[in-house]
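*Asks:* the amino acid sequence is not available; the structure is as follows:
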């Protein structure tokens, strides 16, 4: 089944089975492997991408449901000249990552959070990222990164 | 995890969805936000041979005041409910409970209609529907009917929705002044409730619904009857486990759930002043 969608600003299309999950379309068909598969049960958030600007767990959406929609993955965050997105830069400056596996999902969830709540409290950041797990338990610096990106720290 | 193969059709109107359900019968499932159905399909606990995608029926996504009721379209996302000014004013418990479902990314996709139609006894929103005395509007080949919340849940993941019917709307009586409480007890962020309690106190009565205390979303009838009969909140709360058959799982056994239900009902009633 043919799916036409916009990924990181470019029109793309792929031929997929209806049961293909969005995360597999992104990773296997479009070769954008920054988006990770973690728990595969919509708990961990490693697969978080933006669908029409809002964070979504791409392991819990069929690729065919993305027909005509705009997807942004971690590869679409930096500027064309390679300048990191402010959230990526904040993670870098605040050492918001250890092994890095959760990081793409964290960055996508955190940017979606700030879009809805540009000046969150620390508690709101923790609550807002409750769907993203860091197995290194590096939450302290992740929260610091998001607060820094929001201009609050 | 990859679901079993299925045929995929999209419905561009409620009538098209009903026609597709009529054509494919029991083999078909409606796909709304997918956040209950897709996990079941990935575990192969559900293997529908046809999925009818109603995700594009944006005309079923709305929150509007209608006299002494608020009507919420079945495809309205948890996120939209959580942030609705109308609901915050008229049914603050519903807005609050929608914000307790899963996590923000889940709430961007999950829908009220999907959660209610799934009928999971461990879900938050069915208990809110019961405690608020809501009703469910469904449409089938023979027209529309309205089902009271109390008649909607019929068994484990079973509802009064017929195989050829589409849920279109949820209706709730406005209660801007009701005292309410939602108690969700879980051990980790974003988990389902081990037990949950939704309580609503109006001048004339208090309704109490329980999460994860049986095969389906339930009213705590013994608690409600005790309160109606003049019992104290503490005595009424002690009856929270009466007539219940709570599940035993890795989190808690049935006795623990009974005790937890009593504690949470007591806390909820203290909050509503019942």
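*Replies:* Arrived safely. Remember, predicted model here, so these are calculated numbers, not experimental data.
*Asks:* from here on, contacts and neighbour counts on C-alpha atoms
*Replies:* Noted.
*Asks:* okay, domains of chain A per the record?
*Replies:* A:2-76, A:86-149 (automatic domain parsing).
*Asks:* quote the end-to-end distance of the longest one.
*Replies:* Here the two ends of domain A:2-76 are set 23 Å apart, with distance taken as CA to CA, to the nearest Å.
*Asks:* briefly note if stretch B:84-95 comes near chain A.
*Replies:* No. Stretch B:84-95 is not in contact with chain A by CA under 8 Å from any CA of the partner chain; minimum separation 13.8 Å.
*Asks:* residues contacting the residue most central in space within chain A?
*Replies:* What sits nearest the mean C-alpha location of chain A, by CA atoms, centre = their mean, is residue A:108, with 2.9 Å. Neighbouring residues of residue A:108 by CA atoms under 8 Å, 6 or more residues apart in numbering or on different chains: A:48, A:49, A:50, A:55, A:73, A:74.
*Asks:* I'd assumed it was in a strand, is it?
*Replies:* No. Looking at residue A:108 with DSSP: H, G, I helix; E, B strand; the rest coil, it is helix, so not inside a strand.
*Asks:* how many other residues sit next to residue 142?
*Replies:* No chain in the question, so chain A it is. 26 (other CA atoms under 10 Å in any protein chain shown).
*Asks:* oops, I was thinking of chain B
*Replies:* Look at residue B:142: counted by other CA under 10 Å, it has 8 neighbours.
*Asks:* per-residue confidence for it?
*Replies:* Residue B:142 is assigned a pLDDT of 94 by the prediction.
*Asks:* do residue B:189 as well
*Replies:* Per-residue confidence at residue B:189 stands at 82 (pLDDT).
*Asks:* OK, contacts around residue A:66?
*Replies:* Residues near residue A:66 by CA under 8 Å, 6+ apart: A:3, A:5, A:22, A:51.
*Asks:* adding distance to chain B and secondary structure, write the residues you listed out as JSON lines.
*Replies:* Shown next, in JSON lines, are the contacts of residue A:66 (distance: CA to the nearest CA, whole Å; DSSP: H, G, I helix; E, B strand; the rest coil):
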{"residue": "A:3", "distance to chain B": "12", "secondary structure": "strand"}
{"residue": "A:5", "distance to chain B": "15", "secondary structure": "strand"}
{"residue": "A:22", "distance to chain B": "11", "secondary structure": "helix"}
{"residue": "A:51", "distance to chain B": "9", "secondary structure": "strand"}
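*Asks:* of these, which is the most crowded?
*Replies:* For the contacts of residue A:66, the largest neighbour count, defined by other CA under 10 Å, is 24 neighbours, found at residue A:22.
*Asks:* in a markdown table: the domains of chain A, plus mean pLDDT.
*Replies:* Output for the domains of chain A, formatted as a markdown table (pLDDT from 0 to 100):
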| stretch | mean pLDDT |
| --- | --- |
| domain A:2-76 | 97 |
| domain A:86-149 | 97 |
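*Asks:* and residue B:126, which of those is closest to it?
*Replies:* Among these, the nearest to residue B:126 by CA to CA is domain A:2-76 (20.8 Å).
*Asks:* quick one: distance of that closest one to the chain centre.
*Replies:* Centroid displacement of domain A:2-76 relative to its chain, using CA atoms, centre = their mean, to the nearest Å, is 10 Å.
*Asks:* stretch B:199-212 too?
*Replies:* On CA atoms, centre = their mean, the centre of stretch B:199-212 falls 15 Å from the chain's centre.
*Asks:* over to stretch B:41-49?
*Replies:* Distance, centroid of stretch B:41-49 to centroid of chain: 21 Å (CA atoms, centre = their mean).
*Asks:* start to end distance for it?
*Replies:* End residues of stretch B:41-49 are separated by 11 Å (CA to CA).
*Asks:* please enumerate the helices of chain A.
*Replies:* Secondary structure of chain A (DSSP state H): helices at A:22-24, A:86-93, A:103-116, A:122-128, A:139-149.
*Asks:* adding distance to residue B:170, write the ones you listed out as TSV.
*Replies:* Below are those laid out as TSV (distance: least, CA to CA, whole Å):
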stretch	distance to residue B:170
helix A:22-24	30
helix A:86-93	39
helix A:103-116	26
helix A:122-128	27
helix A:139-149	37
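*Asks:* what residues does chain A have near chain B?
*Replies:* With CA under 8 Å from any CA as the criterion, chain A meets chain B at residues A:18-21, A:40-43, A:48, A:54-57, A:60-61, A:65, A:109, A:128-131.
*Asks:* return the per-residue confidence for residue B:26.
*Replies:* 88.
*Asks:* residues touching the nearest residue to it once chain neighbours are set aside, list them.
*Replies:* Distances taken as CA to CA, 6 or more residues apart in numbering or on different chains put residue B:163 closest to residue B:26, at 6.1 Å, once the chain neighbours are dropped. By CA under 8 Å, 6+ apart, residue B:163 lies in contact with B:21, B:22, B:25, B:26.
*Asks:* what about the second one, how many neighbours?
*Replies:* Burial of residue B:22, expressed as a neighbour count using other CA under 10 Å, amounts to 16.
*Asks:* which pLDDT value goes with the residue nearest to it when sequence neighbours are not counted?
*Replies:* Spatially, and ignoring its direct neighbours in sequence, residue B:22 is nearest to residue B:164 (5.3 Å; CA to CA, 6+ apart). For residue B:164, the pLDDT comes out at 95.
*Asks:* helix or strand for residue B:164, which one?
*Replies:* For residue B:164, there is no enclosing helix or strand under DSSP states H and E.
*Asks:* list the contacts for it?
*Replies:* B:18, B:21, B:22, B:25, B:140, B:141.
*Asks:* quick revisit: tabulate the domains of chain A (TSV), appending distance to residue B:57.
*Replies:* What follows is the domains of chain A, written out as TSV (distance: least, CA to CA, whole Å):
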stretch	distance to residue B:57
domain A:2-76	12
domain A:86-149	24
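*Asks:* which residues of the stretch 1-150 of chain B fall in strands?
*Replies:* Listed in chain order, the strands of the stretch 1-150 of chain B (DSSP state E, counting those that start in this stretch) span residues B:7-10, B:28-31, B:50-53, B:63-66, B:69-73, B:135-140, B:143-148.
*Asks:* so residue B:156 touches residue B:215, yeah?
*Replies:* Yes. Contact criterion CA atoms under 8 Å: residue B:156 and residue B:215 qualify, at 4.8 Å.
*Asks:* between the two, which has more neighbouring residues?
*Replies:* residue B:215 (21 against 14).
*Asks:* is it true that residue A:87 touches residue A:105?
*Replies:* No. Applying CA under 8 Å as the test, residue A:87 and residue A:105 come out as separate, 11.9 Å apart.
*Asks:* these two - which one has more neighbours?
*Replies:* Shown here are residue A:87 and residue A:105; by other CA under 10 Å, residue A:105 has more neighbours (33 against 23).
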